[in-house]
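> what's the 3D shape of this:
(chains A, B, C and D)
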2 protein chains.
Amino acid sequence: MGVDPAILDQALDAFAAFLRSKRLKATEQRRTLVRAALEQPGHFTAENLHRAMVREGERVSLATVYRGLSLLEEAGLLEGHDFADGLRRYERALDREHHDHMICVDCRAVVEFQNPQIERLQEAVVKEHGFALHDHSLTLFVTCPGWRERKACERRDQWTRRQRANRR
Amino acid sequence: MGVDPAILDQALDAFAAFLRSKRLKATEQRRTLVRAALEQPGHFTAENLHRAMVREGERVSLATVYRGLSLLEEAGLLEGHDFADGLRRYERALDREHHDHMICVDCRAVVEFQNPQIERLQEAVVKEHGFALHDHSLTLFVTCPGWRERKACERRDQWTRRQRANRR
DNA sequence: ATATCTGCAAATGTTTTGCACTTTT
DNA sequence: AAAAGTGCAAAACATTTGCAGATAT
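Coordinates of the predicted model:
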């Protein structure tokens, strides 16, 4: 459990600079939030993060986590995604290359991929229309072989259980 | 005002067949919903549609519109999108070719585009990973020239007003 | 007759906010 | 001291649901 200390320092510094530039305050909760967010593996929601922090004994409210996540995203430390299930998800962005996502409609596994050709074509499309590309969101909804061939996928049970407990 | 009558008939028939196949009932509200949905220009939300129907004197509840939209999507008459602003949007799908979207982050204008090369590359990526492509969502967030050059865009006022009145 | 629908109001689940109190600057 | 942040509980928001009466098969 732990992030590369160099990355963490870089992140804390970058965030401190961001806060200074906006005349916002460097509070204990915000520093803690940076650390906790970087420790999250893969994609996480506000509640995931809050739970993880509470589990580790931090005293932060969910409201502060929400407010902090917006800030971390604005500062470029995190990237936010909308996977069309009603929950906003975040992932570390600082030391990671850009990528898009494939997500299995059955087991909800998320796989990252990069495709420079697609990126280039997106630029071309935008330019053709006289616009400027600001950002993009590409998600491929797929079915994984586990589910197709064996009607079984370890991840699915976990997911459907979560779905039932916490559906929208 | 008014859809091509041939398209409307085709849609009503297709929907009737869909309902029959699922042993669901062909109610007046559902038929009305098909007509109203096809009349909507571009992308619309559940509330847009409900308002339009009420304006035209129909007596439908918002709940029924929500239930109906799911059905229309399942039947393939409509396509649903998540443009990451917290509202689900729909558009006519029956007589329209597949396309993706470019949306201006300032004025919220939506422009459709098609790019067969991107589609092909998506297939390739998925195949490489041993998955099967089920569906995809590609949205390019752009800035339009109107806003960039003149800091003005007719559409923007409309949008920001809506934002304030109806924000999430 | 029976299964499904509808409208309504209430519930849901995520995210945001107002406010009184703390903490940074 | 002033400005901004925090936790809490309450609000906001889009969407879903339980139920009782209405409608389609």
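> quick check, residue A:138 in a helix?
No: using DSSP: H, G, I helix; E, B strand; the rest coil, the secondary structure at residue A:138 is strand, not a helix.
> who's in contact with the spatially closest residue to it that is not a sequence neighbour?
Closest residue to residue A:138 apart from its sequence neighbours, by CB to CB, 6 or more residues apart in numbering or on different chains: residue A:100 at 4.2 Å. The way it works is simple: take the backbone N, C-alpha and C, and place the C-beta from them, glycine included. By CB atoms under 8 Å, 6 or more residues apart in numbering or on different chains, the residues touching residue A:100 are A:112, A:113, A:114, A:115, A:118, A:138, A:139, A:140.
> Distance check, residue A:100 against residue B:81.
Separation of residue A:100 from residue B:81 (CB to CB, to the nearest Å): 17 Å.
> what do you get for residue A:57?
Noted for residue A:57: a distance of 42 Å to residue B:81, by CB to CB.
> Of the two, which one has the most company?
residue B:81 (18 against 6; other CB atoms under 10 Å in any protein chain shown).
> Three-state assignment for that one, please.
strand.
> Hmm, it is touching residue B:90, no?
Yes: Residue B:81 is in contact with residue B:90 according to CB atoms under 8 Å; the separation is 7.4 Å.
> can you list residues touching both of these two?
residue B:43.
> so who does residue A:25 touch?
By CB under 8 Å, 6+ apart, the contact list for residue A:25 reads residue A:19.
> Give me the pLDDT for it.
Looking at residue A:25, its pLDDT stands at 98.
> Now for residue A:139, how many residues are close by?
20.
> just residue A:120 next, same as before
Residue A:120 has 12 nearby residues by other CB under 10 Å.
> how far off helix B:116-128 does the strand or helix carrying it point, in degrees?
Here residue A:120 sits within helix A:116-128, counting by DSSP states H and E. Here helix A:116-128 points in a direction 160 degrees away from that of helix B:116-128 (axes from the mean of the first three to the mean of the last three CA atoms, to 10 degrees).
> Now do the strands in chain A.
Applying DSSP state E to chain A gives strands spanning A:78-82, A:88-92, A:100-104, A:110-113, A:132-143.
> in the sheet, who's paired with residue A:91?
residue A:79 (DSSP bridges).
> ok now do it, which residues does it touch?
Applying CB under 8 Å, 6+ apart to residue A:91 gives the contacts A:40, A:42, A:43, A:44, A:78, A:79, A:81.
> how many other residues sit next to the spatially closest residue to residue A:133 that is not a sequence neighbour?
Nearest residue to residue A:133, sequence neighbours excluded (CB to CB, 6+ apart): residue A:126, at 4.4 Å. Look at residue A:126: counted by other CB under 10 Å, it has 21 neighbours.
> residue contacts, residue A:126?
By CB under 8 Å, 6+ apart, the contact set of residue A:126 is A:132, A:133, B:102, B:140, B:142.
> need the residues of chain A near chain B, please.
A:82, A:84, A:102, A:104-105, A:111, A:113, A:115, A:117-118, A:121-122, A:125-126, A:129-145, A:148 (CB under 8 Å from any CB of the partner chain).
> buried subset of those?
A:82, A:102, A:104, A:111, A:113, A:115, A:118, A:121-122, A:125-126, A:131, A:133, A:136-144 (16 or more other CB atoms under 10 Å in any protein chain shown).
> Find the nearest non-adjacent residue to the closest residue to DNA strand D within chain A, please.
At 2.8 Å from DNA strand D, residue A:64 is the closest residue in chain A, using CB to the nearest atom of the strand. Using CB to CB, 6+ apart and skipping residues adjacent in sequence, the residue nearest residue A:64 is residue A:29, 5.4 Å away.
> Can you tell me how far residue A:70 is from DNA strand C?
Residue A:70 is 6 Å from DNA strand C, where distance means CB to the nearest atom of the strand, to the nearest Å.
> To clarify, my last question referred to residue A:108.
For residue A:108, the distance to DNA strand C (CB to the nearest atom of the strand) stands at 14 Å.
> again, but for residue A:89
From residue A:89 over to DNA strand C the distance is 8 Å, taken as CB to the nearest atom of the strand.
> dump the residue contacts of the residue lying closest to residue A:18 once chain neighbours are set aside.
Nearest non-adjacent residue to residue A:18, counting by CB to CB, 6+ apart: residue A:75, 4.0 Å away. Each residue near residue A:75 by CB under 8 Å, 6+ apart is listed here: A:14, A:15, A:18.
> Can you flag the buried ones in those residues?
Buried residues within the contacts of residue A:75, counting neighbours by 16+ other CB under 10 Å: A:15, A:18.
> for the contacts of residue A:75, which one is nearest residue B:2?
residue A:18 (53.0 Å; CB to CB).
> Give me the pLDDT for the closest one.
97.
> One more: residue A:140?
Per-residue pLDDT puts residue A:140 at 94.
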